[in-house]
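**Student:** Turn this into a model:
(chains A and B, ligands or ions: 2)
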Amino acid sequence: MGWALIRGWTVLVYLFMFLPIAVVVLLSFNASQFGSFPMTGLSLRWFAELAGNEAILRAFRTSIVLGLLTAVISTTIGVLASLALVRYRVPGRNMISTLLIAPILVPEVVLAVALLLFLNALAVNKSFALLLAGHVIFTLPFVILVVQARLVGIRRDVEEAAMSLGASPVQTFFQITLPLLSPAVLAGMLFAFTISFDDITGTLFWKPGGVETVPTQIFAMLRNSISPEINALGTVMIVLTAGLPLLGIAIARRMAMKRGG
Amino acid sequence: MGAVSLTNIVKNFGSFTAVQRMSLDIPEGAFVSLLGPSGCGKTTTLRMIAGLLDPSEGDITIAGRRVNDVPIHKRNLGLVFQNYALFPHKTIAENVAFGLKFRGVSRDDRERRVREALELVQLPDVGSRYPGQLSGGQQQRIALARAIVIEPDVLLLDEPLSALDANLREDMRVELKRIQQRVGITTVFVTHDQSEALALSDHIVVMSKGRVEQTGAPEDVYTTPATEFVARFLGASNIVEARCLAVDGDGVTVEGPGVGRLTLPRERAPQVAGPGPVKLAVRAEKLKLEPAGTAGTAPDDADDLILDGLVETVDYQGLAARYFLRVGDVQLQAINMIDSHPFAEGERVSLRLRPRDCTLLAGSTQ
Ligand SMILES: Nc1ncnc2c1ncn2[C@@H]1O[C@H](COP(=O)(O)OP(=O)(O)OP(=O)(O)O)[C@@H](O)[C@H]1O
Ligand SMILES: [Mg+2]
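**Tutor:** Ligands and ions are numbered 1, 2, ... in the order given. Below is the predicted model of the structure:
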């Protein structure tokens, strides 16, 4: 009896969380010109409209460029920082580690305002580079956490064996450490990309005038009207942000399978 | 000068000294074991030879070249670790070929040498597999092949057999010796297992607390330990605190509790110069047990010492038994082959001891 209650309650909670998402996806295929029930028929018309909307396409391009750059920069810095923290005896490494992870713990708004004030004090204007810097700071902790965890698991003697065979430290990194690290690097990149792609709070503070990312574009559109286009856009976002990690996991699986575990 | 020499090597970790002024000369082609208990500095020494640790003091030369400032990847060494350390993302053939790529070996030569190395370790057909698909013993053979294929100046092995289970370990031991002799490569082998060291080595370096206790051929180290530590660490030894009474031309006379008075040949007591406190060391297997009363009736050696003892504990080991015996005021242990059945606890026995099987050590104060 008690268990049945808990089970029912759990189902309700999940419904509450996921039903709205399901509704958005469902309505994005609605033929009606209102973005709400009842469904009058199935159609891809809102997706087509989306593809023709210059502002949204521009926002998409911005988001993708921003996400990719964030992923690449954040992962590069993250891998280097993890190497330093795990493999070398850097003085004050605990403090550095905490500082690098801190952006996760600080509320995003606080971080956003702080960076903005800092740049004001330096008399630097808002720019795309600033927006990118903000996203890198914000995604870096996730990359570092993932990469560090993996790096700790890579035995030092494998690298030592490579060096004893004649590989310089740099060659050892690119031929041994990095390939072994690649699942974590891939995961870190996906994390960074999806977080950047999804982010709205920081982006609202940091973006220069006239630049919109997909989330800020949706936000702007919502202020005018609730167009069914937004449902279609939401569906695309869901496919992207949920699909990418799934794809990443599949790739990592395949890589591991090939090696026989 | 040997293939590898260490001169006054010291390694400090902060205020802790892991290796204390060690000098060692390893001849070309020799198989040398560093043997000692855990934490005595074996790995530290090996890693200094490899270039993975910098010595705090002293010089290291490999093949006549001082290598103190030569980084590991320029030292031309073969390293084999306890946990194999194969590259999990590369096939076996790629693992073995790895070192050849940095030596400008042509593609065809590379393939041929990888094939030869895999044949040498008797795993010719696994080239296309990944390390995760091999057993531990097979992985260690591959690690050996990978280290040998580059024709290193020295092969350095850090407890390469200790991750394997007992039966496999003995097979691998034989295999390792065969390969080493076939290739004729100078080898430094780190182990805490005395039977491995005794079976494999041309020379054993016994270490304790960062110091070399004794260096020598296995049988010399075993039969003539230079220190009490070596006597106790290699095999089971009885050490009796005794007094040296006289040293003359060809004999050293000592007297001790339990064993009474005996005269050893002069060469069994190289450290003893004159009367004073000494330690009498006797290996457990050199004490021969006989039923009480029968001993002495047919002495095949007139110098043999016959002692009376009481069996206190028997540790039955199948092929042999280990006895703890009460002899006068001291307890001695003896390891004897079992003829039909072992002596029983509480049984009175005679112990036969040949003075030339004993070793006299300086009676240190430690
Ligand atoms: N990086 C280090 N920092 C501080 N102390 C160290 C370090 N490496 C080793 N030691 C100390 O040096 C001593 C010798 O270590 P080493 O690893 O050489 O021992 P070992 O003879 O190889 O022992 P084992 O048989 O357990 O492997 C040990 O007491 C160890 O604690
Ligand atoms: Mg060790």
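**Student:** ok, the closest residue to ligand 1 within the stretch 151-300 of chain B - contacts?
**Tutor:** Per C-beta to the nearest ligand atom, B:H192 is where the stretch 151-300 of chain B lies closest to ligand 1, at 4.6 Å. In short, each C-beta sits where N, CA and C put it, glycine included. Contact analysis of B:H192 by C-beta atoms under 8 Å, 6 or more residues apart in numbering or on different chains lists B:35-38, B:42, B:159, B:162.
**Student:** top of the residues you listed by neighbour count?
**Tutor:** B:L35 (29 neighbours; other C-beta atoms under 10 Å in any protein chain shown).
**Student:** Surely that residue touches B:H203?
**Tutor:** No. The criterion here is C-beta atoms under 8 Å, and B:L35 misses it with B:H203 at 10.3 Å.
**Student:** Need the overlap of contacts for those two.
**Tutor:** Residues touching both B:L35 and B:H203 (C-beta under 8 Å, 6+ apart): there are none.
**Student:** quick revisit: so which of the contacts of B:H192 are in helices?
**Tutor:** Of the contacts of B:H192, the ones assigned to helices by DSSP state H are B:K42.
**Student:** Out of the contacts of B:H192, list just those in strands.
**Tutor:** Those of those mapping onto strands are B:L35, per DSSP state E.
**Student:** same for the particular helix or strand that has A:V86 in it, what does it pack against?
**Tutor:** In the assignment (DSSP states H and E), A:V86 maps to helix A:54-87. Under the contact definition 3 or more C-beta pairs under 8 Å, 6 or more residues apart in numbering or on different chains; DSSP states H and E, helix A:54-87 sits against helix A:93-105, helix A:128-153, helix A:178-198, helix A:214-224.
**Student:** who wins for proximity to B:V188 among these?
**Tutor:** Closest to B:V188 of those, according to C-beta to C-beta: helix A:178-198, at 28.2 Å.
**Student:** between that closest one and helix A:54-87, how many degrees?
**Tutor:** Orientation check (axes from the mean of the first three to the mean of the last three C-alpha atoms, to 10 degrees): helix A:178-198 against helix A:54-87 gives 140 degrees.
**Student:** tell me which residues of helix A:178-198 are tucked away?
**Tutor:** By neighbour count on 16 or more other C-beta atoms under 10 Å in any protein chain shown, the buried set for helix A:178-198 is A:179-181, A:183-198.
**Student:** now the angle between helix A:214-224 and it, please.
**Tutor:** Orientation of helix A:178-198 against helix A:214-224 (the same axes, to 10 degrees) gives an angle of 10 degrees.
**Student:** gap between the helix or strand that comes right after helix A:178-198 and the chain center?
**Tutor:** Moving toward the C-terminus from helix A:178-198, the next helix or strand (DSSP H and E) is helix A:201-206. Mean-position distance between helix A:201-206 and its chain equals 15 Å (C-alpha atoms, centre = their mean, to the nearest Å).
**Student:** elements contacting helix A:201-206?
**Tutor:** Judged by 3+ C-beta pairs under 8 Å, 6+ apart, helix A:201-206 is in contact with helix A:108-121, helix A:128-153, helix A:214-224.
**Student:** make it 10 Å
**Tutor:** Here helix A:201-206 touches helix A:54-87, helix A:108-121, helix A:128-153, helix A:214-224, going by 3 or more C-beta pairs under 10 Å, 6 or more residues apart in numbering or on different chains; DSSP states H and E.
**Student:** Same list (those) but as CSV, adding distance to B:N8, mean neighbour count and mean pLDDT.
**Tutor:** Output for the helices and strands packed on helix A:201-206, formatted as CSV (distance: least, C-beta to C-beta, whole Å; neighbours: other C-beta atoms under 10 Å in any protein chain shown; pLDDT from 0 to 100):
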stretch, distance to B:N8, mean neighbour count, mean pLDDT
helix A:54-87, 31, 19, 91
helix A:108-121, 56, 14, 86
helix A:128-153, 37, 20, 90
helix A:214-224, 68, 15, 83
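**Student:** out of those, nearest to ligand 1?
**Tutor:** With C-beta to the nearest ligand atom as the criterion, ligand 1 lies closest to helix A:54-87 of these, at 13.7 Å.
**Student:** That closest one and ligand 1, any residue contact?
**Tutor:** No. On the criterion C-beta under 6 Å from any ligand atom, helix A:54-87 is out of touch with ligand 1, staying 13.7 Å away.
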